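Enquirer: prediction below, plus the sequence it came from.
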Amino acid sequence: MEAKNWKTEKETIIRCVLLNLAGVFIYAVGINSFAAPHKIAPGGASGIAILINYLTGCPIGLFVFVFNIPLLLIIVVKKYFPRSFVFRTLASTALLSIVTDLVIVRIPVYKGNPLLAAMFCGAMMGIGLALVHMGQSNTGGISLLGLIMQKCNPQFQVGAWISGLNIAVVLASAMVYRNIESLLYAVVTVYISGMFMDHMLENADAKNLMIVIAESTDKVRQVFLDRKIGVTVLKGEGGYSSEVQRVVMCVSEKKECELLQKRIHKVDDKALVIITEAEKVAGKGFKHLTYKYDDKSNCISRTKKGIRTGGIYRKKRGRKSDIRVSRLSGSIQSGRSG
């Protein structure tokens, strides 16, 4: 059992490292090859670094690294957040600085349409940041400064602070470059970046919810159990006939659904199969995530299967459909044993 746990933990570490490497590389390409050459400062520490680079020639990656060092020192001295959070942030920031200043500079920059540059920069930034977050890390910057200030003053609104600073950076770009188009392109970049990041993070752990109504309930249940997928059997009643029926419900990976559906129809060709998306599933039998929030919108750490991992995660306000799925997932978990 210990060997199996070590293997799983090792695979998780390798996955996180690869995600961080890929995310940092893509993010750095967006900044160095698309944003900076077209005078686009898309907010955050990277946006400030682009402006400083334009004014003084200071390397973008070096500025981002120097910007984060005092913030991390404050966290270490004050013990605001876990050491794992500091280590991961420092590692990602250092990697971003090295890749931006020493690796990406060898890649040719895009000198075409500024609007295309803004769009591709936003896409790359969003994808890169999402991969870093999926690798249970973050790149620090203005959000880190906001969290520290919130620790000093619990009433401090981190979300408003981050939004305000990002707007200030975007507005500053128009004054530094003396070009209103730089501001407009930065707005496009920020919007597309957020859109890509949200989409990737929402779908990273997406699963499907399957509901099966069949006469051969035991055979259908066995289809899932043969694939080592836990199920819940609910008692239902036909709306027209008032007959008591058993309903099989489970959550599975999307790639499994087609195979499961074929096997279900083999054992019962009249079975009614309903498949819908379940964006977030957590609890017994699935990922155990315990989030620790600084305020209503920011998470500073999470625990997965007893292992604390650092990172800044956004707490997304669920729509009504998300709430229903969350409640259903609670039922699923309670009947995991089948």
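Expert: Cool, got the structure. From a predicted model like this one, the values you see are computed outputs, not experimental measurements. Residues are numbered from 1 along each chain as shown.
Enquirer: give me the three-state assignment for the residue nearest to Arg88 when sequence neighbours are not counted.
Expert: Nearest residue to Arg88, sequence neighbours excluded (C-beta to C-beta, 6 or more residues apart in numbering): Ser137, at 4.2 Å. Any C-beta I mention is one placed from the backbone N, CA and C, and that applies to glycine too. Of the three states, Ser137 takes coil according to DSSP: H, G, I helix; E, B strand; the rest coil.
Enquirer: ramachandran angles for Ser137?
Expert: For Ser137, the backbone dihedrals are phi -140, psi -170 (criterion: degrees, to the nearest 10).
Enquirer: tell me how many other residues crowd it.
Expert: Other residues lying near Ser137 total 29 when counted by other C-beta atoms under 10 Å.
Enquirer: would you check how far apart it and Tyr27 are?
Expert: Plainly put, Ser137 is 12 Å away from Tyr27 if you go by C-beta to C-beta, to the nearest Å.
Enquirer: pLDDT weak spots in the stretch 201-338 of the chain?
Expert: Flagging of the stretch 201-338 of the chain using pLDDT under 70 yields the residue ranges 205, 279-280, 282-338.
Enquirer: so which residues of it form strands?
Expert: Assigned by DSSP state E, counting those that start in this stretch, the stretch 201-338 of the chain shows strands spanning 207-213, 232-237, 244-252, 272-278, 289-293, 298-304, 307-314.
Enquirer: next one: the stretch 51-200 of the chain
Expert: Counting by DSSP E, counting those that start in this stretch, the stretch 51-200 of the chain contains no strands.
Enquirer: what about it, any weak spots by pLDDT?
Expert: Applying pLDDT under 70 to the stretch 51-200 of the chain flags no residue at all.
Enquirer: now stretch 168-186: buried residues?
Expert: Applying a neighbour-count criterion of 16 or more other C-beta atoms under 10 Å, one finds Val169, Val170, Ala172, Ser173, Ala174, Val176, Tyr177, Ser182, Leu183, Leu184, Tyr185, Ala186 buried in stretch 168-186.
Enquirer: quick check: end-to-end length of it?
Expert: Start-to-end span of stretch 168-186 (C-alpha to C-alpha, to the nearest Å) is 12 Å.
Enquirer: name the surrounding residues that touch it.
Expert: 38-44, 47-48, 50-51, 54-55, 114-115, 117-118, 187, 190 (C-beta atoms under 8 Å, 6 or more residues apart in numbering).
Enquirer: okay, and which of those residues map to helices?
Expert: 44, 47-48, 50-51, 54-55, 114-115, 117-118, 187, 190 (DSSP state H).
Enquirer: gap between the nearest residue to Gly122 once chain neighbours are set aside and Cys121?
Expert: Take Gly122 and drop its neighbours on the chain: the residue closest to it by C-beta to C-beta, 6+ apart is Ile192, 2.9 Å away. To Cys121, Ile192 is 8 Å away according to C-beta to C-beta.
Enquirer: next one: Pro37
Expert: Taking C-beta to C-beta, one finds Pro37 at 10 Å from Cys121.
Enquirer: hang on, Val223 packs against Gln261?
Expert: No - counting by C-beta atoms under 8 Å, Val223 sits too far from Gln261 to count as a contact (9.6 Å).
Enquirer: Val29 against Ile104, yeah?
Expert: Yes - between Val29 and Ile104 there is a contact at 5.8 Å, judged by C-beta under 8 Å.
Enquirer: break the chain down into its domains, please.
Expert: 2-203, 207-334 (automatic domain parsing).
Enquirer: thinking again about what came up before, who's in contact with the residue nearest to Gly122?
Expert: Taking C-beta under 8 Å, 6+ apart as the test, what Ile192 contacts is Ala118, Met119, Gly122, Ala123, Gly126.
Enquirer: just these now: which is nearest Ile75?
Expert: Closest approach to Ile75 among the contacts of Ile192 (C-beta to C-beta): Gly126, at 26.0 Å.
Enquirer: quick check: closest non-adjacent residue to that closest one.
Expert: Phe196 (2.9 Å).
Enquirer: same question for Val109.
Expert: Of all residues not flanking Val109 in the chain, Pro37 sits nearest, at 4.4 Å (C-beta to C-beta, 6+ apart).
Enquirer: pLDDT value on the one you found, please?
Expert: Here, the pLDDT recorded for Pro37 equals 93.
Enquirer: how close does it sit to Ala118?
Expert: 11 Å.
Enquirer: compare the two (neighbour count), which wins?
Expert: Just comparing Pro37 and Ala118: by other C-beta under 10 Å the higher neighbour count belongs to Ala118, 27 against 15.
Enquirer: quick one: residues contacting the more buried one.
Expert: Phe34, Ala35, His38, Ile40, Tyr185, Ala186, Val188, Thr189, Ile192.
Enquirer: quick check on the ones in helices among the contacts of stretch 168-186: which are buried?
Expert: Gly44, Gly47, Ile48, Ile50, Leu51, Tyr54, Pro114, Ala117, Ala118, Val187, Val190.
Enquirer: of all the residues you listed, which comes closest to Gly238?
Expert: Nearest member of those to Gly238, counting by C-beta to C-beta, is Val190, at 52.3 Å.
Enquirer: now do the same contact list for the closest one.
Expert: With C-beta under 8 Å, 6+ apart, Val190 has these contacts: Pro42, Gly43, Gly122, Asn166, Val170.
Enquirer: using CSV, lay out those residues together with distance to Ile148.
Expert: Converted to CSV, the contacts of Val190 look like this (distance: C-beta to C-beta, whole Å):
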residue, distance to Ile148
Pro42, 22
Gly43, 18
Gly122, 27
Asn166, 17
Val170, 23
